[in-house]
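> Need a 3D model of the sequence below.
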Amino acid sequence: MSLCLLGVAPLSIGALVGYGLAINDGDVLDQQALTAIKEKQSKEQQLLSKTKLNAEQHVHALTLRVAEMQARLVRLDALGERITAVAKLDRGEFDFSQIPAIGGPETDDQGGFFENPDFIDAIDSLSKRIENRTQQLNILETLLANRKIEGEVFLAGRPIKKGWMSSHYGHRTDPFNGRLAMHEGVDFAGKLGSEIITVGSGVVTWSGDRYGYGQMVEINHGSGYMTRYAHNMENKVEMGDIVKQGQVIALMGSSGRSTGPHVHFEVYKHGRAVDPSTYIHRASR
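Numbering: from 1, shown residues only. So this is what the prediction gives:
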């Protein structure tokens, strides 16, 4: 009896100990799994918080961008209205005070489940308005550039500030040999050293001594027009210089084939000398 009890007891105790160890091992495993899950959840929460913060920062940045675009568009509209008014253009064609007209047929595609935030719609709207304004300003720039070129090619006025016309365009008696000769320009006499000015904007294509002309300045005005200013005492411009109408380009002299202080003024149109009087008597724009 005692032996049986002694035999059973060790087995029972061993079983109980084994069962206890199993329970303890299970608790440890469950605790480790729970800890791992909590750590994973914590990391996911941190990632979510970081993602949310980044999203909020992006939204804030986009909101600022929208505000900046709106402010710049307002200035762009104001500039467009000002240019249109100054240039006296048709406001119906270049109306910067109105939202551009847009439209199009409705499509069956209603989009997905995601709806664009308001700021994305605002950006799309601003982008369309800016594109419209850019197109209008590009056309406006082209029109004004063409108008500017036409205005600057316009030749008008005398090539001097003070003085008088001493010889006209056409056939005349040559002052050196007494023969009848063609005078392909007009002469303006004046005080030695008085200022000579250009009658139109252009590029200097010659500045220096030239046979018969003495010190001469030649200006290409574009559109086939060219002018020459000869017998100068001193040239004030060099080849390649860009000059504006009314700019001083030389001082009156008597260099070259000349009898006294004057400027010999010629106008060429498509390579042919024409009577400068037509342009001299024009009113400057």
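
> what's the spacing between the spatially closest residue to Gly185 that is not a sequence neighbour and Trp206?
Nearest residue to Gly185, sequence neighbours excluded (C-beta to C-beta, 6 or more residues apart in numbering): Glu266, at 3.7 Å. All C-beta atoms are positioned from the backbone trio N, CA, C, and that covers glycine. Separation of Glu266 from Trp206 (C-beta to C-beta, to the nearest Å): 12 Å.

> Which neighbours do these two have in common?
In terms of C-beta atoms under 8 Å, 6 or more residues apart in numbering, Glu266 and Trp206 are both contacted by the residues Arg228.

> Which one's more surrounded, those two?
Glu266 (21 against 17; other C-beta atoms under 10 Å).

> Would you enumerate the residues in contact with that one?
Glu184, Gly185, Thr227, Arg228, Ala230, Ala273, Pro276.

> Just the endpoints, please. Distance across stretch 186-205?
This stretch, stretch 186-205, spans 21 Å end to end (C-alpha to C-alpha, to the nearest Å).

> For the contacts of Glu266, which single residue is the most surrounded?
Greatest neighbour count in the contacts of Glu266, by other C-beta under 10 Å, goes to Ala230: 26 neighbours.

> which residues touch it?
Gly185, Arg210, Tyr213, Gly214, Gln215, Met216, Gly256, Val263, His264, Phe265, Glu266.

> Check Ser255 too.
So Ser255 contacts Asp209, Gly214, Gln215, His231, Asn232, Met233 (C-beta under 8 Å, 6+ apart).

> do that again at 6 Å, thanks
If you count contacts by C-beta atoms under 6 Å, 6 or more residues apart in numbering, Ser255 has them with Gly214, Gln215, His231.

> And Ile160, by the same measure?
For Ile160, the contact set (C-beta under 6 Å, 6+ apart) comprises Phe188, Gly190.

> Quick check: bridge partners of it?
Ile196 (DSSP bridges).

> what's the spacing between it and Leu251?
Distance from Ile160 to Leu251, by C-beta to C-beta: 11 Å.

> Now do the host helix or strand of Val217: which elements does it pack against?
Here Val217 sits within strand 214-222, counting by DSSP states H and E. Applying 3 or more C-beta pairs under 6 Å, 6 or more residues apart in numbering; DSSP states H and E, we find strand 214-222 packed against strand 202-210, strand 225-235.

> rerun at 10 Å
Here strand 214-222 touches helix 118-153, strand 202-210, strand 225-235, strand 242-243, strand 248-252, strand 262-269, going by 3 or more C-beta pairs under 10 Å, 6 or more residues apart in numbering; DSSP states H and E.

> Ile280 is nearest to which of these?
Ranking the helices and strands packed on strand 214-222 by proximity to Ile280 (C-beta to C-beta) places strand 262-269 first, at 8.1 Å.

> could you give the angle of the closest one to strand 214-222?
Angle of strand 262-269 versus strand 214-222, following axes from the mean of the first three to the mean of the last three C-alpha atoms, to 10 degrees, is 30 degrees.

> For the next helix or strand after strand 262-269, which strands pair with it and how are they oriented?
If you walk from strand 262-269 toward the C-terminus, the next helix or strand you reach (DSSP H and E) is strand 272-274. Paired strands of strand 272-274, with direction, are strand 262-269 (antiparallel) (DSSP bridges).

> and the angle from the partner strand to strand 248-252?
140 degrees.

> Mind exporting the C-alpha coordinates of strand 262-269 to PDB?
Taking Å, rounded to 0.1, in the frame of the first residue of the first chain, the C-alpha atoms of strand 262-269 are listed here in PDB:
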ATOM      1  CA  HIS A 262      26.600 121.200 -92.400                       C
ATOM      2  CA  VAL A 263      25.100 117.700 -92.200                       C
ATOM      3  CA  HIS A 264      24.200 115.800 -95.400                       C
ATOM      4  CA  PHE A 265      21.100 113.800 -94.700                       C
ATOM      5  CA  GLU A 266      20.000 110.800 -96.800                       C
ATOM      6  CA  VAL A 267      17.100 108.400 -96.500                       C
ATOM      7  CA  TYR A 268      17.200 105.000 -98.200                       C
ATOM      8  CA  LYS A 269      14.100 102.700 -98.700                       C
END
